[in-house]
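Enquirer: structure for the following, please:
(2 chains)
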Amino acid sequence: DAGVIQSPRHEVTEMGQEVTLRCKPISGHNSLFWYRQTMMRGLELLIYFNNNVPIDDSGMPEDRFSAKMPNASFSTLKIQPSEPRDSAVYFCATQTGGTDTQYFGPGTRLTVL
Amino acid sequence: GNSVTQMEGPVTLSEEAFLTINCTYTATGYPSLFWYVQYPGEGLQLLLKATKADDKGSNKGFEATYRKETTSFHLEKGSVQVSDSAVYFCALSPYNQGGKLIFGQGTELSVKP
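Expert: Below is the predicted model:
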């Protein structure tokens, strides 16, 4: 299995631009989690989906952030407009029902100038 | 609320030294407990886990015991290697909350030859 796939691996953009991060879960995994990692705040859960339905988005920092999971094979995290304080590494993780182990992707390093 | 507190790093050890990384938690109910490891430039990988009190998780020479009376899940290894250099995260998954993870701040371990 290829594991969790995230793209792009690195993104550099300017303040005010729209940013879209992508995640392809492991086949058969029905839960998907988006995390953000920064030096100041550590690892934070932003949102998670179960069977493509958003279950808990209480960690989404503000309305500039949105996430979708249109099907079992794909999820996006969008930031519009982006700000320098959004600079972080964003991880996608997936999990199969009945287990409690999450599998993390390699992350997307976002830099907003 | 739910939270995880880890000892601060960085921790620097010589090869073959004994390792302890302290982790304590606050949770309602009966969470599952985890240690994840992050190697440079990579996503997190599950190292070990324990799902109930007095369970011991172990993997690759690392061990941690779920201590409900002290709300702790300290990570230990008897003899570290240079290849163990990484960031270690303690995490809990609250009972019946869809598998979401709450992480500690991470402890960076550096092992010198």
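Enquirer: please make it C-alpha for all contacts and neighbour counts, starting now.
Expert: Will do.
Enquirer: ok, now how distant is the closest residue to B:Asp84 other than its chain neighbours from B:Tyr36?
Expert: In space, and not counting its chain neighbours, B:Asp84 is closest to B:Val111: 6.9 Å by Cα to Cα, 6 or more residues apart in numbering or on different chains. Per Cα to Cα, to the nearest Å, B:Val111 is found 18 Å from B:Tyr36.
Enquirer: what helices or strands is the helix or strand containing the residue nearest to B:Asp84 leaning on?
Expert: Using DSSP states H and E, B:Val111 sits within strand B:107-112. Applying 3 or more Cα pairs under 8 Å, 6 or more residues apart in numbering or on different chains; DSSP states H and E, we find strand B:107-112 packed against strand B:11-14, strand B:86-93.
Enquirer: I'd like those strands as TSV, with mean pLDDT, distance to chain A and mean neighbour count appended.
Expert: Below are those laid out as TSV (pLDDT from 0 to 100; distance: least, Cα to the nearest Cα, whole Å; neighbours: other Cα atoms under 10 Å in any protein chain shown):
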stretch	mean pLDDT	distance to chain A	mean neighbour count
strand B:11-14	96	17	16
strand B:86-93	95	8	25
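Enquirer: among these, which comes closest to A:Lys68?
Expert: Smallest distance to A:Lys68 across these (Cα to Cα): 23.2 Å, for strand B:86-93.
Enquirer: which helices and strands sit right next to the closest one?
Expert: When contacts are defined as 3+ Cα pairs under 8 Å, 6+ apart, strand B:86-93 sits against strand B:3-6, strand B:32-38, strand B:102-103, strand B:107-112.
Enquirer: before we move on, back to that, partner strands of the strand holding B:Val111, with direction?
Expert: Applying DSSP bridges to the sheet, strand B:107-112 is found paired with strand B:11-14 (parallel), strand B:86-93 (antiparallel).
Enquirer: which other residues reach that strand?
Expert: For strand B:107-112, contacts defined as Cα atoms under 8 Å, 6 or more residues apart in numbering or on different chains pick out B:6-15, B:21, B:80-89.
Enquirer: mind running it again at 6 Å?
Expert: By Cα atoms under 6 Å, 6 or more residues apart in numbering or on different chains, the residues outside strand B:107-112 that reach it are B:8-15, B:82, B:85-88.
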